[in-house]
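Undergrad: Following is a predicted model, sequence given first.
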Amino acid sequence: MSVQILPQFRLARPRDLKEASALLAGDPEARVLAGGTDLLANLRDGLLAPSTLVDLGAIEELAAIAGDGSGIRIGARVTLARLAADARIAILYPAIAQAAASVAGPAHRSVATVGGNLCLGTRCVFYNQSEWWRRANRYCLKYRGEVCHVAPQGNSCQAAYSGDLAPALLALGAEAEIADAGGSRRIALSDLYVEDGAAHLALRAGEIVAAVHVPPARLRSGYRKARARGAIDFPLAGVAAALRVEAGRLASLRVALTGTNSRPFVLDGTAEWIGKALDPTALASAVGKLVQHQVRPLRTTVTAANYRRQVAAALAQRLVRELSA
């Protein structure tokens, strides 16, 4: 059995976001370190060999959960365990608490962070392997190869995004706060992602996801996922939904998905139900059909693609029906 040895790197501990951004902007090979639950596994597998790890552990402003009149701000260094246990989040934004609680196991959640889960790398059964395995299979398009083994006739990487928090936040209309050496800006969270398995984040050099802003909660929300095991595993498919009912009519509905495409995304086509008398069964059936047409599961896991398509649709139907009741 081969011994997994971490590559050589320099560890930098900036005191603030400006310094952290400057370090990243000045070194294209540098990577951010927060909880490290995904990063360290990738280092051991030889998928990354950064020259510098920029440790955000000393930047206190990233570790706060703060509420105000415009909703709530969740810092990127907030751990998933803390997020799942926060009483305000559980009451106002159940989908966020449920998504955070569903990630990996308790030990992982105690150190894994909001920013890390949002920026989680895309995954594929041909990519997330040991070095000797990937070398024996002639690598892949995402790493040193020329062909995507999932879709060899195409010219793009099909690795799937598998973060759990993103769909919950997308369903709730969240924004991402992006910081660099010059300050910060806010963007719709959906604009953080690109449908590209090899480069799925729309961050410029030196930019860091500093926080997410969630608008005031007047919604029923939830998150459900399917995975090969009842704990630890990434989602084969994950679905979040947020809706509001007023006087027996559907006032708003957003459904978001993860685990099936190279980015998390908000389901199109739900707006046609807004303003109509609420019929939970009919609504759930319609959402299930929309999901089946819009998800793109491919052979990125050991589970059949069509199974994941069916599971995503079933999860969405059950969740929408439950929230509509």
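TA: Structure received.
Undergrad: switch to C-alpha atoms for all contacts and neighbour counts from now on
TA: Noted.
Undergrad: Could you measure from the residue in the chain sticking out farthest from the centre over to residue 74?
TA: Distance to the chain centre peaks in the chain at residue 247, reaching 34.0 Å (criterion: C-alpha atoms, centre = their mean). Note on residue 247: its distance to residue 74, by C-alpha to C-alpha, to the nearest Å, is 32 Å.
Undergrad: same deal with residue 26?
TA: 27 Å.
Undergrad: Neighbour count: these two, which is higher?
TA: residue 74 (22 against 11; other C-alpha atoms under 10 Å).
Undergrad: Outside of the helix or strand where residue 67 lies itself, list whatever touches it.
TA: Assigned by DSSP states H and E, residue 67 falls within strand 65-68. Here strand 65-68 makes contact (C-alpha atoms under 8 Å, 6 or more residues apart in numbering) with 72, 73, 74, 75, 78.
Undergrad: ok, and the most crowded of those residues?
TA: residue 78 (25 neighbours).
Undergrad: tell me the contacts of the closest residue in space to that residue that isn't next to it in sequence?
TA: Spatial nearest neighbour of residue 78, excluding adjacent residues (C-alpha to C-alpha, 6 or more residues apart in numbering): residue 63 at 4.7 Å. Counting by C-alpha under 8 Å, 6+ apart, residue 63 touches 74, 75, 76, 77, 78.
Undergrad: one step back: residue 276 versus the residue farthest from the centre of the chain, what's the distance?
TA: 10 Å.
Undergrad: in the stretch 101-250 of the chain, what spans have low per-residue confidence?
TA: By pLDDT under 70, the stretch 101-250 of the chain has no low-scoring segment.
Undergrad: Is it correct that residue 224 falls within a strand?
TA: Yes - Residue 224: assigned to a strand according to DSSP: H, G, I helix; E, B strand; the rest coil.
Undergrad: okay, now it: neighbour count?
TA: Neighbours of residue 224 using other C-alpha under 10 Å come to 22.
Undergrad: so it bridges to which residues?
TA: residue 239 (DSSP bridges).
Undergrad: same thing with residue 277?
TA: Beta-bridge pairing for residue 277 (DSSP bridges): residue 249.
Undergrad: Now for it, how many residues are close by?
TA: Neighbours of residue 277 (other C-alpha under 10 Å): 14.
Undergrad: residue contacts, it?
TA: With C-alpha under 8 Å, 6+ apart, residue 277 has these contacts: 248, 249, 250.
Undergrad: Nearest to residue 49 among the residues you listed?
TA: residue 250 (49.9 Å; C-alpha to C-alpha).
Undergrad: Relative to residue 289, how far out is that closest one?
TA: 18 Å.
Undergrad: Going by neighbour count, list what's buried in the strand holding residue 67.
TA: residue 65 (16 or more other C-alpha atoms under 10 Å).
Undergrad: Nearest to residue 199 among the contacts of residue 277?
TA: Of all these, residue 199 sits closest to residue 250, with 36.8 Å by C-alpha to C-alpha.
Undergrad: so how far is residue 56 from residue 13?
TA: 7 Å.
Undergrad: quick one: common contacting residues for these two?
TA: Joint contacts of residue 13 and residue 56 (C-alpha under 8 Å, 6+ apart) are residue 20.
Undergrad: out of these two, which sits in the busier spot?
TA: Legend: neighbour count by other C-alpha under 10 Å for residue 13 and residue 56, higher for residue 56 (22 against 16).
Undergrad: Strand partners (parallel or antiparallel) of the helix or strand residue 32 falls within?
TA: Element membership of residue 32 [criterion: DSSP H and E] is strand 31-33. Partner strands and pairing direction for strand 31-33 (DSSP bridges) are strand 52-55 (parallel).
Undergrad: Please save the CA atoms from the longest helix seen in the chain in PDB.
TA: Determined from DSSP state H, the single longest helix within the chain is helix 305-324. Extracted C-alpha coordinates of helix 305-324, given in PDB (Å, rounded to 0.1, in the frame of the first residue of the first chain):
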ATOM      1  CA  ALA A 305     -27.100   8.400 -14.100                       C
ATOM      2  CA  ASN A 306     -30.800   7.600 -14.800                       C
ATOM      3  CA  TYR A 307     -31.200   6.500 -11.200                       C
ATOM      4  CA  ARG A 308     -29.900   9.800 -10.000                       C
ATOM      5  CA  ARG A 309     -32.300  11.600 -12.300                       C
ATOM      6  CA  GLN A 310     -35.300   9.700 -10.900                       C
ATOM      7  CA  VAL A 311     -34.100  10.200  -7.400                       C
ATOM      8  CA  ALA A 312     -33.700  14.000  -7.900                       C
ATOM      9  CA  ALA A 313     -37.200  14.200  -9.200                       C
ATOM     10  CA  ALA A 314     -38.700  12.100  -6.400                       C
ATOM     11  CA  LEU A 315     -36.900  14.200  -3.700                       C
ATOM     12  CA  ALA A 316     -38.200  17.400  -5.200                       C
ATOM     13  CA  GLN A 317     -41.700  16.000  -5.400                       C
ATOM     14  CA  ARG A 318     -41.700  14.900  -1.800                       C
ATOM     15  CA  LEU A 319     -40.200  18.100  -0.500                       C
ATOM     16  CA  VAL A 320     -42.600  20.400  -2.400                       C
ATOM     17  CA  ARG A 321     -45.600  18.300  -1.300                       C
ATOM     18  CA  GLU A 322     -44.400  18.500   2.300                       C
ATOM     19  CA  LEU A 323     -43.800  22.200   2.300                       C
ATOM     20  CA  SER A 324     -47.200  22.800   0.600                       C
END
